[in-house]
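J.: here's my sequence, what's the structure:
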Amino acid sequence: MNKLNPEKLLNSKWTAVSPQNKEKHFIVIELVRDENERVHACVLEAVMTKNTYPMPWQSLKNHDIWQLGWK
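T.: Residues are numbered from 1 along each chain as shown. Predicted coordinates for the structure are as follows:
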């Protein structure tokens, strides 16, 4: 599993291990916070298509799905 600090995810780059719809590279463009200002989700944007995908930030920890950086 990838070790992550949710506060440092903004503008980080990710590579999908199994790309879908030719979307392989992503950037975290937004952090979604709760009422206590804790990060509970993030929004990823596909570099090629500009599609956005909200997801729990913890899903980026799964090394079988995501790799840190662009590979």
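
J.: number of nearby residues for Gln58?
T.: 14 (other Cβ atoms under 10 Å). The way it works is simple: take the backbone N, C-alpha and C, and place the C-beta from them, glycine included.

J.: tell me the SS of it?
T.: helix (DSSP: H, G, I helix; E, B strand; the rest coil).

J.: tell me the contacts of it?
T.: Residues counted as contacts of Gln58 (Cβ atoms under 8 Å, 6 or more residues apart in numbering): none.

J.: again, but for Pro56
T.: 40-42.

J.: now, which of those residues sits nearest Trp57?
T.: Trp57 lies nearest to Cys42 out of these, by Cβ to Cβ, at 4.6 Å.

J.: secondary structure element for the closest one?
T.: strand 39-46 (DSSP states H and E).

J.: what pairs with the helix or strand just after that strand, and is each one parallel or antiparallel?
T.: Later in the chain than strand 39-46, the nearest helix or strand by DSSP H and E is strand 52-55. Neighbouring strands of strand 52-55 in its sheet, by DSSP bridges, are strand 39-46 (antiparallel).

J.: thinking again about what came up before, in the strand holding Cys42, what's buried?
T.: Neighbour-count burial for strand 39-46, counted by 16 or more other Cβ atoms under 10 Å, picks out 39, 41-46.

J.: thanks a lot, see you next time.
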